[in-house]
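Peer 1: Need coordinates for the following:
(chains A and B)
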Amino acid sequence: MPGKLKVKIVAGRHLPVMDRASDLTDAFVEVGARSCPSKHRERQVDDEDLQDEPLQITVLDHDTYSANDAIGKVYIDIDPLLYSEAATVISGWFPIYDTIHGIRGEINVVVKVDLFNDLNRFRQSSCGVKFFCTTSIPKCYRAVIIHGFVEELVVNEDPEYQWIDRIRTPRASNEARQRLISLMSGELQRKIGLKVLEMRGNAVVGYLQCFDLEGESGLVVRAIGTACTLDKLSSPATFLPACSSPSKDMKESPLVHPPSHGCRSTHNSPIHTTTGSRLTQNFSVSVPTLIYTGMGSGSAGKEGGPFKALLRQQTQSALEQREFPFFTLTAFPPGFLVHVGGVVSARSVKLLDRIHNPAFVGIMGNTRSYKLLDWNSFNSDEPETRDAWWAEIRQEIKSHAKALGCHAVVGYSESTSICEEVCILSASGTAAVLNPRFLQDGTVEGCLEQRLEENLPTGCGFCHIPYDELNMPFPAHLTYCYNCRKQKVPDVLFTTIDLPTDATVIGKGCLIQARLCRLKKKAQAEANATAISNLLPFMEYEVHTQLMNKLKLKGMNALFGLRIQITVGENMLMGLASATGVYLAALPTPGGIQIAGKTPNDGSYEQHISHMQKKINDTIAKNKELYEINPPEISEEIIGSPIPEPRQRSRLLRSQSESSDEVTELDLSHGKKDAFVLEIDDTDAMEDVHSLLTDVPPPSGFYSCNTEIMPGINNWTSEIQMFTSVRVIRLSSLNLTNQALNKNFNDLCENLLKSLYFKLRSMIPCCLCHVNFTVSLPEDELIQVTVTAVAITFDKNQALQTTKTHVEKSLQRASTDNEELLQFPLELCSDSLPSHPFPPAKEHLESASSNSGIPAAQRDRCSSWIELIKLKAQTIRRGSIKTTVTVEKASPMGEGNFRNRSAPPCANSTVGVVKMTPLSFIPGAKITKYLGIINMFFIRETTSLREEGGVSGFLHAFIAEVFAMVRAHVAALGGNAVVSYIMKQCVFMENPNKNQAQCLINVSGDAVVFVRESDLEVVPTQQPAANCHPSCTEGEVTT
Amino acid sequence: MTSELDIFVGNTTLIDEDVYRLWLDGYSVSDAVALRVRSGILEQTGATAAVLQSDTMDHYRTFHMLERLLHAPPKLLHQLIFQIPPSRQALLIERYYAFDEAFVREVLGKKLSKGTKKDLDDISTKTGITLKSCRRQFDNFKRVFKVVEEMRGSLVDNIQQHFLLSDRLARDYAAIVFFANNRFETGKKKLQYLSFGDFAFCAELMIQNWTLGAVGEAPTDPDSQMDDMDMDLDKEFLQDLKELKVLVADKDLLDLHKSLVCTALRGKLGVFSEMEANFKNLSRGLVNVAAKLTHNKDVRDLFVDLVEKFVEPCRSDHWPLNDVRLFLNQYSASVHSLDGFRHQALWDRYMGTLRGCLLRLYHD
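Peer 2: Numbers count the residues shown, from 1 in each chain, chains lettered A, B, ... in the order given. Predicted coordinates:
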């Protein structure tokens, strides 16, 4: 679909002074969708190009005698304008960004796209497929079908490593890189969109796009996601992809199965009950659904066997045609997830360099089996190679899931760690059995009546083992479910997904981290890869043991959101596992930790051991109290005695699928029945025990987790604070030992957490949610840890009344604010500020300032006079502002007009508040509209590091600028929040000797419009006020 | 293990008021950390000194980045880099432009030039305010001065619009700017007992009554070349003040004036006899001050003169404040009954303001 892109440059402000002599800037802009600026006022653009390429606005300073100086650029992703239901216009102030100087002023731009819908649609573009970073079904949509895994990768040469880089300026090089990456991600997105259309989906959920900076060998942009057919909840019409023909059939085809079949009584979620009526196109014959009777109350455990077989059969048929039955989702519609098997992960070590040997030794991480790969040494840039690598890993994951009796993998993610020419590819997910009702259809013969019975046990079904009890894939310790007493459950459960909403949890959860460093000799190529792959299984094992120990120490029995990151450096490997521990009511109470000494005769040693034991027992008791874990006592007879298999192993199945791994040989048990035994036989174990006890619990009033929501807290208040914290430490290079390294790393993480607790103390009681740690090893002795999380306040007293009054108050405030806002003449605000960002801000600061103890009167005074001033300020004469803006090339006709008005028309509207959160929701608010995906990549470089405040000053400013640019884009789309925000990459390099530093940041998220729940009655639906008023008809460029 | 880099960036910029104050007061990071430790924050929160250090560094960095914007507060409102709730923005601005009484007393009425800036070292040692803080305050004065210097219209309004200050603070700045512009001497030993508030009060009265802007309808005339209406004293008015000299030069007028005042105040004043004895001296002093205001030099010495010629004599006779008020009221009102005196309006414009100032200046 060709289209017409309209770009209007409205105004500029805060521009830097470019001409020292006159203190002036003769600014003009160049607008282009290609790398070359548009010379013509009209240019035909295909929407394929529109999708791939961002709009590029370059602001320059006109020099008569020398070359024009660049002030900076604005890249605007116009993708959101290409969906029919997202934003219709992009309008607002954009920071002008320069890779050397950072943000230099702002420019007000209005962008519109008119697509010619009447023309023949062709498939090369994938207009209409919506992308979501959110790893659950977006809030205002309903999943009709969840199709499954989509992946794609694009490879290119890295401009930084091209020969031309030797002669061009750093700015040119950075811009080339930024442009290339946004081009590649556009292409990637388009390709994935096509795949989705092929699958007859209309959306990608859980879209995760990553960059691998492979250095010499290139730049890989890869993405994974879950294709879905989504249906907007509010609109009655089913939204179907623009090019899928069956949309017509849908309307005509009679509903084969009536919407209920007892469905309605089964599911209390509206999502499900309505499904039946709309599942037209795909569930044409009948709905393949399972009989759930066997599961729950009715049948005993034995019946589980045949049932499972049935289930398997069902799901298999649905999933079999799929190459990879993977889902990047971490939260699911109710009923989707039937059983969870456990975590499956696979790693593989690869060499990136171009070796001229046709056969390449690919080393699989944990199996230590050397596989020969077809490797064309000159084709390292071919996506096929990378595709093959990933395919291999995914195959492994699939087989692991199978071994666990599961057909699908949920909460699936992929990552890489690159150091020089060695690359570790990792994939992990949670093996699961899914309800095929949501999966692809058509092919599944509807052989069963839809008989979803009421008796699905609530909150424990997913814990029940999916595998055969007699034929367990690994030694495990099974008991009958503590909830329904009918099915077997494992003693601990590790998963990568979020806690299912219906799960019964006792007490609160907490963040559990395992941290580990291992030194490695510096080596080259294959030797290096071999060394790494030899270390990996040990690391995995140790990380796992640590997780287990810490989980026990917390008195909990399940981990959610588990993410194990292995980072490779020149001379060390780092492992960091983060997860949220909870106590699942369905799982047995975890045993304590028993310490056993090796030399029992030594008296003092014995004493030491018992002292240690006491300390551990105390800690467990304290933790149970802290996290309010007090499960009801259940007598042994009811449960049945545990299966006498004392060996404790979690559900983490590692890649050692082929051989029996050495882990099983390390039998830690001493025949104790339900205690986890730690044997102190060497210093390592001693250190382990110590490290167990060094983790300090967060101060009172603080909770932390790495999942979306904190189990056990549900009375969130509206204050949120998203933040990014980065720390880099330099290790003293003197004879580092593993222990010292571990301690340093541990301290680094603990101190970082402590700092966060301290900084956010004014928000108490609050919870740090979605705590996401990323470790990288930029240099020999440097460890970099990046944390992004959101702090959300909650109401400790659960007092409903207080929240109500609070809501009422904010409501009043909101209305008065709106009134005040209305006093601004509307024509002055071309900023198109929706008025609603005010109330949240107000409320936010209200509570913030009340926490910090400003007397209320003072606060009121402050806010009232600043309003007053704002009003007054409209009359300011601008004679003293010397930087004038002129639009030249873009707007020959509007020029004079523009000069006359040296002041931007909306100089006095304050900036609207844009919230950012890594979560998929905003507490106390309802997301009413998704405006499209935000996916931005920035490079910042400096050659005056000291002058910019050193590395900290440099990075601090850069991250603040990245936030600002994200916010500006969201605001321009008419949104007021970014959800599922993630900083996927933060690559920082410094060279203090040369006074230089460079940083690359890649962020993404979903731009949304939200409405406070308290405002819902007042403002029914917040339409983004996207008004570009007719008075400013300056430069209009039609490309 | 040494920390190379340590930053925290929130989507909403975190502002710690206590740290902001320490930063404004010009403490170095290490001093600020020491002061925070002393405040007992570690015990309250269970944090470690390292945490405090990192937190302080973070805040200092943020403030450093914000400082550029604080130099032009409207920029702070419109910038996109830091998301700060409006009330916090107001607080940042207000605190940044707040000044120390001790400091302002030192520079009040001085030319805001490089020369004065060089003396900041001395002021810093004298007042105990860190040099950094002195510089900030001085630069604030200078910046506000530069911006509003050439501007027409109400001084307070101009300051408020361009610096988004609260009404109170904008008034204070108006006084500072007014004093700096007219270079009133405030540093003499005799004047040391006066607070900034006293001077600010006088400045406000003078701006209201003695400047061009005070004439009222004049600003509506677009062709009038009366720039800086609130900054400069009305030259014409100062010239006219010479006419008042007749009040003391003409012996009959002076005697009549005295008798009118004495008749009215008899029995009402505790210090009647002293007043009666001093009347001529006081009146001469007040009128001579007016007559001398044509010379810039004498304008600068206005406050010195007022204290010398009026405040000190009264104080040495232990006049209570109320008696001073009664006297001044009567003194200025009685002139209306002097038939031979033709400059009633001029007298009121002069005396109305002077009365207010003197009453404010009259204390220990």
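Peer 1: quick check: domain ranges of the chain?
Peer 2: Using chain A here. Per the TED database, the structural domains of chain A span A:1-122, A:129-234, A:322-354+A:386-441+A:460-629+A:673-799.
Peer 1: Chain B, not that one
Peer 2: Domains of chain B are assigned by the TED database as B:17-84, B:101-183, B:235-361.
Peer 1: Throw those domains into TSV and include mean neighbour count, distance to chain A and mean pLDDT, thanks.
Peer 2: C-beta coordinates here come from the backbone N, C-alpha and C atoms, glycine included. Below are the domains of chain B laid out as TSV (neighbours: other CB atoms under 10 Å in any protein chain shown; distance: least, CB to the nearest CB, whole Å; pLDDT from 0 to 100):
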stretch	mean neighbour count	distance to chain A	mean pLDDT
domain B:17-84	18	4	92
domain B:101-183	19	5	91
domain B:235-361	17	25	88
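Peer 1: now for the helix or strand that contains A:Glu606, which elements pack on it?
Peer 2: According to DSSP states H and E, A:Glu606 maps onto helix A:603-626. Where contact means 3 or more CB pairs under 8 Å, 6 or more residues apart in numbering or on different chains; DSSP states H and E, helix A:603-626 is packed against helix A:525-553, strand A:593-597, helix A:683-694.
Peer 1: what separates the closest residue to chain B within the stretch 251-400 of chain A from A:Ile934, distance-wise?
Peer 2: As assessed by CB to the nearest CB, chain B sits closest to A:Thr330 within the stretch 251-400 of chain A, at 22.4 Å. Using CB to CB, to the nearest Å, A:Thr330 is found at 20 Å from A:Ile934.
Peer 1: Setting aside sequence neighbours, what's the nearest residue to B:Thr116?
Peer 2: Sequence neighbours aside, B:Lys110 is the residue nearest to B:Thr116 in space, at 4.9 Å (criterion: CB to CB, 6 or more residues apart in numbering or on different chains).
Peer 1: Check B:Phe201 too.
Peer 2: Nearest to B:Phe201 is B:Arg360, by CB to CB, 6+ apart, at 4.7 Å.
Peer 1: do A:Ala346 as well
Peer 2: Once flanking residues are discounted, A:Ala346 sits nearest to A:Glu396: 4.1 Å by CB to CB, 6+ apart.
Peer 1: Using the three-state scheme, assign that neighbour.
Peer 2: Three-state call for A:Glu396 (DSSP: H, G, I helix; E, B strand; the rest coil): helix.
Peer 1: still on that earlier bit, surely the residue nearest to B:Phe201 is in contact with B:Asp198?
Peer 2: Yes: with contact defined as CB atoms under 8 Å, B:Arg360 reaches B:Asp198; the gap is 5.3 Å.
Peer 1: average pLDDT for the helix holding A:Glu606?
Peer 2: Helix A:603-626 shows a mean pLDDT of 81.
Peer 1: Buried residues, it. List them.
Peer 2: Within helix A:603-626, the residues that qualify as buried are A:Ile609, A:Met612, A:Gln613, A:Ile616, A:Thr619, A:Ile620, A:Asn623, A:Lys624, A:Leu626, counting by 16 or more other CB atoms under 10 Å in any protein chain shown.
Peer 1: quick one: it to helix A:525-553, angle?
Peer 2: 70 degrees (axes from the mean of the first three to the mean of the last three CA atoms, to 10 degrees).
Peer 1: The residue in chain B that chain A sits nearest to: neighbouring residues, count only.
Peer 2: Proximity of chain B to chain A (CB to the nearest CB) peaks at B:Pro85, 3.2 Å away. Neighbours of B:Pro85 under the rule other CB atoms under 10 Å in any protein chain shown: 22.
Peer 1: Let me know whether B:Leu76 touches B:Leu69 as I believe.
Peer 2: Yes: under the criterion of CB under 8 Å, B:Leu76 makes contact with B:Leu69 at 4.3 Å.
Peer 1: quick one: secondary structure of the residue nearest to B:Thr116?
Peer 2: Assignment for B:Lys110 (three-state DSSP): coil.
Peer 1: that older thread, how about a markdown table for the buried residues of helix A:603-626, with distance to A:Asp114 added?
Peer 2: Output for these, formatted as a markdown table (distance: CB to CB, whole Å):
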| residue | distance to A:Asp114 |
| --- | --- |
| A:Ile609 | 77 |
| A:Met612 | 73 |
| A:Gln613 | 74 |
| A:Ile616 | 68 |
| A:Thr619 | 65 |
| A:Ile620 | 65 |
| A:Asn623 | 61 |
| A:Lys624 | 63 |
| A:Leu626 | 59 |
